[in-house]
Structures are given as structure tokens and as C-alpha cells.
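Colleague: Please find the sequence and the predicted model below.
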Amino acid sequence: MKLLVIGYGSIGKRHVKNILLSGHEVVLLRHNGNNPNKDGLKEYYSLETLLSNEGLIDGAVICSPTAIHLPNVKSLLHENIPFLLEKPPASDLESTLEMARLIKEKGFRKYDIAFNLRYHPVLQFLKDFISKIGKIYSAHIYAGYYLPYWRPGTDYRESASATKNLGGGVHLELAHEIEYSLWLFGIPRFITGYVNKISSLEISTNDICSAILEYPNGAIAEIHLDYLSQKYLRGGRIIADMGTLEWEWNAQAGKVLYYGLKKGTSEEIFVLHPGYDFNSTYKEEIENFTGIIRGTKKSIVTIDTALNTMKVIGAIERAAQEKTWVTLNEL
């Protein structure tokens with residue numbers, strides 16, 4: 001297959017490497033020629049020129065800044081090119097609603113939204129196991145890491161993560177945790193939250209987010225996201241009537257602990273195998289996408305699913321601004 005990769009930042013480079021290792025061909029679409037790639041890849045600066053020179057493109061992976069995802073999707077839909085869209089789908093709810101409208105009006109099915117944590121073994125285990133612990137009372141999901149540590153060798157101040165007009169912000173960059181909370185627990189009834197920039201980081205975006213999602217049965221899920229923790233933090237806890245689950249992971253390791261009804265006992269019920277490589281989530285994502293192109297696979301995250309995530313993000317922003325609880329129906 002010949003795959004187009006739009007954008008060549010850190011995530012674009014990762015996808016290109018995985019695509020090439022899978023035996024497919026890559027061409028790049030960049031937004032300007034100020035910094036040509038040094039990896040020997042053909043690159044273009046307009047889709048029209050690219051298609052004129054390259055002919056058939058089997059699919060595209062959109063890795064551009066979040067703020068220009070919508071025009072990228074519009075162009076690909078016009079050309080009937082299947083696409084894998086990096087998360088979040090857009091930088092705001094209005095743009096995501098417009099994207100959903102365009103996809104549905106066209107009846108377009110050959111796409112996926114790239115929430116790669118759906119492929120992570122810890123979360124897949126939790127999804128399968130969660131029904132065994134009875135009624136859920138509460139959950140706490142967290143992710144945090146000091147932004148200057150994110151991409152070694154690059155200036156964090158110049159990243160999309162740090163730049164508001166490129167669609168950055170901790171609650172957008174770490175939207176994975178919001179998305180998988182909905183995957184595990186469903187759609188909440190009420191949402192409140194807090195987003196702000198409180199650190200001395202030289203960025204124009206929010207660097208901390210805290211949210212509470214209340215469910216119809218009274219259960220709550222708390223989500224904490226930040227650019228601030230000098231220790232890499234990623235994991236969570238579920239408290240239910242038949243036990244408590246705790247999980248955590250980093251790029252190489254991960255585990256799930258179960259605390260049962262017998263006081264003082266815990267059991268390690270899942271452990272990532274030695275040598276696990278987090279990049280495998282991206283490899284599986286590309287494998288599924290090429291299956292979508294062939295017609296043998298389906299979208300893991302549809303635009304409707306991604307839209308729910310963006311509605312929750314919108315509710316958190318509104319609740320923070322108005323200091324209140326918000327329902328998704330209000331958006």
C-alpha cells in the first residue's frame with residue numbers, strides 16, 4: 001500500500017517508521033518547506049500536487065496539529081481517501097460536530113480515530129475483567145508527566161502541546177484518559193471540572209485538568225491530567241462492591257492489582273510480559289487501519305465515539321468557566 005502521512009512531528013515520525021516496517025510505502029504532506037525531512041522520503045506541500053505526481057493513495061494518516069485536523073479531513077473526504085486521524089479529532093467541539101456531519105453525510109466508513117490506548121494490554125484486560133467486580137462505586141484515572149520531558153531533543157515550548165492556537169492543552173493532549181473512562185464506564189449524567197495554567201512552564205495552554213463524572217447510578221469517575229509531574233504517572237483505581245482494582249503502567253511495564261473482600265489481601269492479576277514495547281499499540285493501530293482499507297477490519301473508535309469524548313472535554317471547559325455541573329445535553 002501507498003500511505004500518505006500528513007505532518008512530520010514526533011507522532012508523524014513514529015507512524016512513518018511503523019508503516020515502513022510493515023512493508024508499505026510512505027509519502028509525506030507537509031505544511032511548508034522550511035524544514036525538509038532528512039529521511040529520504042518524498043514530501044509535498046499541497047494535496048493536489050501530491051495526487052498529480054503520486055497517483056493512487058490507498059490511505060492517509062493525519063498527524064498534523066489538532067487545530068487543522070478538520071480541513072485535512074475535508075480534503076481527504078473530497079478525494080475519497082481512507083484516513084486514520086490522530087486524537088483528539090479536533091481542537092474544539094464545534095469542529096468535531098462539523099467533522100461528524102461531513103463523514104455521515106458522505107456515508108464514509110473507511111476511517112478510524114487514533115486512540116491507541118484501546119490496544120494497550122492493561123486496558124484490554126480491565127475492559128474484560130470489570131464485569132467481575134460488581135457494582136462500581138468510584139474510579140480515579142490519572143496521567144501526568146512534566147512537559148519538557150515528553151520529547152527528548154526538542155524544545156517543549158515549540159511543540160503543539162504547548163501552543164494554544166495549534167490545539168494544545170493537557171486535556172486535549174491526554175484525552176486518552178477521558179476516552180477510555182467512557183469506554184470502561186459509559187456516558188456520565190453530570191460533569192464538573194477545572195482546567196488552568198498554574199505552572200511557570202513557558203506555554204500558552206492549560207497544564208492541569210481535574211474532572212468529576214457522575215453516573216446515573218450515583219457512581220463517580222475522577223480524572224486528573226497534568227504537564228507537571230516529574231515522575232511519569234499513568235494508571236487508576238476502581239472501587240466496587242466485590243473488590244478494588246489498581247493499575248499503572250509506563251512504556252515498558254504495567255500491572256493490575258486486585259484487592260478482594262478478605263482484609264489485607266491483594267493479588268497481581270495481570271502483568272505485562274517482560275520486554276513489552278508501548279510502540280506495539282501504534283503498530284496494531286496501523287495494522288487495523290490497513291485492514292479497514294482492505295475491507296477486513298472495522299473502526300475501533302468511530303466519529304460518534306470520539307464526539308462523546310469531545311463533548312466531555314467541552315463540558316469540563318464549560319464547568320470550569322461557570323463553576324457548575326454540566327450535562328452533555330446542554331452542549
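Modeller: On my side now, so go ahead.

Colleague: residue boundaries of the helices in the stretch 201-331 of the chain?
Modeller: Under the criterion DSSP state H, counting those that start in this stretch, the stretch 201-331 of the chain carries helices at the ranges 279-294, 303-322.

Colleague: Can I get the longest one as CSV, trimmed to CA atoms?
Modeller: What follows is helix 303-322 as a C-alpha-only set of coordinates in CSV (Å, rounded to 0.1, in the frame of the first residue of the first chain):
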residue,chain,number,x,y,z
ILE,A,303,-16.6,9.7,15.0
ASP,A,304,-19.6,9.3,17.3
THR,A,305,-17.4,7.7,20.0
ALA,A,306,-14.8,10.4,19.5
LEU,A,307,-17.6,13.0,19.6
ASN,A,308,-18.6,11.8,23.1
THR,A,309,-15.1,12.4,24.3
MET,A,310,-15.1,15.9,22.8
LYS,A,311,-18.4,16.6,24.5
VAL,A,312,-17.0,15.6,27.9
ILE,A,313,-14.0,17.9,27.2
GLY,A,314,-16.4,20.7,26.3
ALA,A,315,-18.4,20.1,29.4
ILE,A,316,-15.2,20.2,31.6
GLU,A,317,-14.2,23.5,30.0
ARG,A,318,-17.7,25.0,30.5
ALA,A,319,-18.0,23.7,34.0
ALA,A,320,-14.6,25.2,34.8
GLN,A,321,-15.6,28.6,33.4
GLU,A,322,-19.0,28.7,35.0
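
Colleague: Let me know the angle separating the helix or strand that contains residue 123 from helix 279-294.
Modeller: Assignment of secondary structure by DSSP states H and E places residue 123 within helix 121-129. For helix 121-129 against helix 279-294, the angle between stretch directions is 70 degrees (axes from the mean of the first three to the mean of the last three C-alpha atoms, to 10 degrees).

Colleague: distance between the next helix or strand after helix 121-129 and the chain's centre?
Modeller: Later in the chain than helix 121-129, the nearest helix or strand by DSSP H and E is strand 136-144. The gap between where strand 136-144 is centred and where its chain is centred comes out at 17 Å by C-alpha atoms, centre = their mean, to the nearest Å.

Colleague: try stretch 194-202
Modeller: Centroid separation between stretch 194-202 and its chain, computed with C-alpha atoms, centre = their mean, is 21 Å.
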